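K.L.:
Task: produce atomic coordinates for the following.
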Amino acid sequence: IVTFPLHPEQGHFRFDAGRVQGTPLMPFKVFVGEWARMNDQWGRFRTLLDSPSRVLETPRAVEPYAVFVGGKSIRAAAKSWGVPLIIAAERAWRGLREGDLTKLRKYAWFALRIRHPSARRTQAGIRDPNDITVLLDGNRNLGELIQAGLPIAKVRAYLLERIASGELEVPGRGWILRDLLWEIESEQAAQK
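P.N.:
Numbers count the residues shown, from 1 in each chain. You can find the predicted model right below:
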């Protein structure tokens, strides 16, 4: 559900019976209903949150926000609390609205360490300064690359393009794509 686009302008999808092994987690009508519910609720949270990957922090270890001491993404908080992501998003939204939480300029996807095959070219001295792939040597995570000066917008665009094309097959690519799209939508809305 979390990989479906929240605001599709057009397009189609198809489920093919027999291609996937196993038992469906829920009937199709329930699935679509849950997607619609998340879509409606996320619209309210987007007033303060650009993405469930956003890292939030609190200086006080007061419940329910103690999980954010030192900084934690909303996704990580959902796991710590043992609640669905939409419930964690609502708690985080309330915490931001009430001033108990603050946003850090970090996202959960900053922790990704990607080893791209073209990173080997740097060892041979071939390096295009505009090519992000040569920086993805697996030694530094994306957050470290951004701290070193790589523009966050460029990293987002790169990840979106390469994950959507199938070139990058990183674990959790569904939530990563979803969160990156939300972040870009939020930035575009703020610029208007």
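K.L.:
use CA for all of it now, contacts and neighbours both
P.N.:
Fine.
K.L.:
helices or strands up against the one helix or strand in the chain whose mean pLDDT sits lowest?
P.N.:
Here the helix or strand of the chain ranked lowest by mean pLDDT, DSSP states H and E is helix 28-45, holding a mean of 76. Secondary-structure packing of helix 28-45 (3 or more Cα pairs under 8 Å, 6 or more residues apart in numbering; DSSP states H and E): helix 85-97.
K.L.:
Run through who's touching the helix it packs on.
P.N.:
Helix 85-97 is contacted from outside by 38, 41-42, 45, 48-49, 52, 65, 74-75, 77-78, 81, 101-103, using Cα atoms under 8 Å, 6 or more residues apart in numbering.
K.L.:
mind running it again at 7 Å?
P.N.:
Identification of contacts with helix 85-97 by Cα atoms under 7 Å, 6 or more residues apart in numbering yields Met38, Phe45, Leu48, Leu49, Pro52, Ile74, Arg75, Ala77, Ala78, Leu101, Thr102.
K.L.:
Narrow those to just the buried residues.
P.N.:
Neighbour-count burial (16 or more other Cα atoms under 10 Å) applied to the contacts of helix 85-97 gives Met38, Phe45, Leu49, Pro52, Ile74, Arg75, Ala77, Ala78, Leu101, Thr102.
K.L.:
Val134 versus the fourth one, what's the distance?
P.N.:
Translated: Pro52. Here the criterion is Cα to Cα, to the nearest Å. By it, Pro52 lies 28 Å from Val134.
K.L.:
Also the first one?
P.N.:
In this view, Met38 and Val134 are 38 Å apart by Cα to Cα.
K.L.:
which residues of this structure fall in strands?
P.N.:
54-57, 72-73, 102-107 (DSSP state E).
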